[in-house]
Structure formats: C-alpha cells, structure tokens
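**Q** mind looking at a prediction? Sequence and model below.
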Amino acid sequence: MKVRNTQRHADEKVELQMTPMIDIVFQLLIFFIMTFKIVSPEGDFNIRMPLAAPSEGIPDPLQLPPIRVRMVANADGSLRGVQMGTRTLSQENPFDDLHIQIREIVGDDTGPGSVAESTEIELDCDYNLDFEYVIAAITAVSGYVADDGMGVIRLVEKIKFSPPKVPK
Amino acid sequence: MRLKKKSSAGMAEGDMTPMIDMTFQLIAFFMVLINFSEAEQNERIRLPSSELAKPPERPFEAPLTLQLTSQGTVIFGGQDIPLAGLKSTLLREAQLLNATPDRSVADATIIIRADRTAKTGVVQEVIQACQETGFERFALRAKQQERRT
C-alpha cells in the first residue's frame, strides 16, 4: 500500500491539463499558417519625368543630347531589335551589347560631375512592346552588380521615355 | 483501487513535451514571418524581373501604387479603372495631396507595378496621365532576381 501511495503521488505530479493549452496552441498555429503569405522582394527604378514644357527656350549648351535607345517590337509584343543612336545592337543579346556600349561611353567613373551623371538615356519604344524588355533595357543602362556580388555600381541614372507612339 | 487505476493518470501518459516544443517552434516561425503590412500586390500581375531591383532603403514619401494588368486596365486602390477614367481619379488624389499641409503633388511618387506582358505604350500613357495631373516622380517596380549565368 505504501508503494502504491507513492506511485499515486507521482502520478498527481504530472497531472497537468494539457488539452486546453494544446487546443489554443493549434489554433494559433492554424491562424499563422493561414495568414502566411510569401512576399518576394521587390525593387524600384526611379524615373523623374516632369511634364516637359513645349517651349523650353535655349537648351543648356553643356548638356549633351540624350542617347536614344530605340526598341522595335514584333506584332506579338516580343522584341525585334534594339538600336542605340544610329547603330543596331546585336540580335542575340541586345541588352548585354547595350550594357557594354553604355559602359564604354560612361566609363567607370561615377559620382558627382562625371560623365555618368550628365548622360541621359531616352527610351523610344514601340507601343505594343512587352514591358519586361523596357525593364531589361533600364537594367542594362542603369548599372551592374559589382564583381564581388556585393552592391550595385550605378551607370546612368537619368532615364526618360519618348512620347508614346499611339497606333492610329 | 480499480478506480484509482482508471483515474486520469493513464490518459496523459504520452510525453507531450517534444510535440509542444515543436509546435511552439512553428508558431514562433510563422509569427516572425507574418507581415500585416498592406502591401499592394495583386496576384494577377507578374512583375518583370531584374537583378538591380533592390528594395528602397527608405520608404517613399507619398507613394501611390498603380498596378497595370496585361489586359491594359489599371488597378488603383483595389479597383479596376479603365485607362480613360484614370485621369479623374488621379486628379482627385492630386487635389487631396495639395490640400494636405507640407505635401504637394511633386513630392509624391507613383509606383508603377506593370505586368511583364503589359504594353509599353500603355505604361507610357499611364505616366502621361500622371504627368498631366502634376506627378513627377515615378518608380517602375520589378521583382528582384539574381542574374542567371
């Protein structure tokens, strides 16, 4: 009897009401699982485009004219070709080519007063071109990821669009 | 004696501790990852990806998110707006911004979340509509993605 008595005491010690706690814990778990939403990281390309006044007067003589990047689209919206200024860029990797060209022009000096700061890109796209090519072009001209994979080296910050070519 | 044996001691037999440990781990995991921020993200829009799209260091001052579907409609504030009706909506927003002290339309940033198959011309028309109502700053949003080599 004595032994049994002690056993019973031992039983009483672990006698905790687990059920309500586990209920609540599972409730919480279900709640957090249900409200869980994976958000992929997103970033922005800043474009500053005030409405151009039609009579701007004499343009700043020190200001270089913008580099025109012309993107021609096929009927289905895919990219047919890219032109930078007057030269046509390679058919296979037009954006890599564009990136190399821009790096040649801008050089690796960035910062205040540099070529990169005064250079301006004007994107001239067909109306039905898919938007992803625009982002690809902006990516190509605006910078590149440094060789060590850390940080971004900026090239051209000033990007603007030509007026849209609304189909007749 | 029989009664005592039947009593609750036998029921809580299994060791609950590991399970509860795990469950709390899971709860902590989901609690940390949850975000209640009402990020304006519509599932219909598949953003174009770019390796340079880094999340901004500090949030924009007065952001307005315009989402552009591949069909060419604009989603603003949870509502589908046809391109033609966009300008009146923007005009209202611009007036609201100008009426707020130390805020003006020129400080506001329009975040454009356009679908990757959206027409560039439509994006430009959206920008044009914004410009005509006085907005100057734009941010084209893209999904961050490492470059495939």
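**A** Structure received. Residues are numbered from 1 along each chain as shown, chains lettered A, B, ... in the order given.
**Q** where do the helices of chain B begin and end?
**A** Using DSSP state H, the helices of chain B run over B:2-6, B:17-33, B:86-99, B:120-132.
**Q** tell me how far the longest one lies from the chain's centre.
**A** The one in question is helix B:17-33. 27 Å (Cα atoms, centre = their mean, to the nearest Å).
**Q** list the contacts of that helix.
**A** With contacts defined as Cβ atoms under 8 Å, 6 or more residues apart in numbering or on different chains, helix B:17-33 is touched by A:18, A:21, A:22, A:25, A:26, A:28, A:29, A:32, A:33, A:36. Quick note: C-beta positions are derived from backbone N, CA and C, even for glycine.
**Q** without its sequence neighbours, what residue ends up closest to the first one?
**A** Same thing as residue A:18. Closest residue to residue A:18 apart from its sequence neighbours, by Cβ to Cβ, 6 or more residues apart in numbering or on different chains: residue B:16 at 5.3 Å.
**Q** pLDDT-wise, which helix or strand of chain B ranks last?
**A** The least trusted helix or strand in chain B, going by mean pLDDT, DSSP states H and E, turns out to be helix B:2-6, with a mean of 50.
**Q** where does the prediction get shaky in chain B?
**A** Residues of chain B meeting the criterion pLDDT under 70: B:1-13, B:36-40, B:147-149.
**Q** state the number of residues packed around residue A:101.
**A** Around residue A:101 there are 18 other residues, counting by other Cβ atoms under 10 Å in any protein chain shown.
**Q** one step back: now render the helices of chain B as a markdown table, adding mean neighbour count.
**A** What follows is these, written out as a markdown table (neighbours: other Cβ atoms under 10 Å in any protein chain shown):
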| stretch | mean neighbour count |
| --- | --- |
| helix B:2-6 | 9 |
| helix B:17-33 | 13 |
| helix B:86-99 | 16 |
| helix B:120-132 | 21 |
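**Q** can I get those helices in TSV including distance to residue A:89?
**A** TSV is the format used below for the helices of chain B (distance: least, Cβ to Cβ, whole Å):
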stretch	distance to residue A:89
helix B:2-6	85
helix B:17-33	43
helix B:86-99	34
helix B:120-132	18
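**Q** mind naming the longest helix for chain A?
**A** helix A:18-34.
**Q** now it - C-alpha only, CSV.
**A** Only the C-alpha atoms of helix A:18-34 are listed here, as CSV (Å, rounded to 0.1, in the frame of the first residue of the first chain):
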residue,chain,number,x,y,z
MET,A,18,-2.6,19.7,-21.4
THR,A,19,-5.7,19.6,-23.6
PRO,A,20,-6.7,23.3,-23.5
MET,A,21,-3.2,24.5,-24.0
ILE,A,22,-2.7,22.3,-27.0
ASP,A,23,-6.1,23.4,-28.3
ILE,A,24,-5.0,27.0,-28.1
VAL,A,25,-1.6,26.3,-29.5
PHE,A,26,-3.0,24.6,-32.5
GLN,A,27,-5.5,27.4,-33.0
LEU,A,28,-2.6,29.8,-33.1
LEU,A,29,-0.6,27.6,-35.4
ILE,A,30,-3.5,27.3,-37.8
PHE,A,31,-4.1,31.1,-37.7
PHE,A,32,-0.5,31.8,-38.6
ILE,A,33,-0.3,29.2,-41.3
MET,A,34,-3.4,30.6,-42.9
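**Q** lovely, talk soon.
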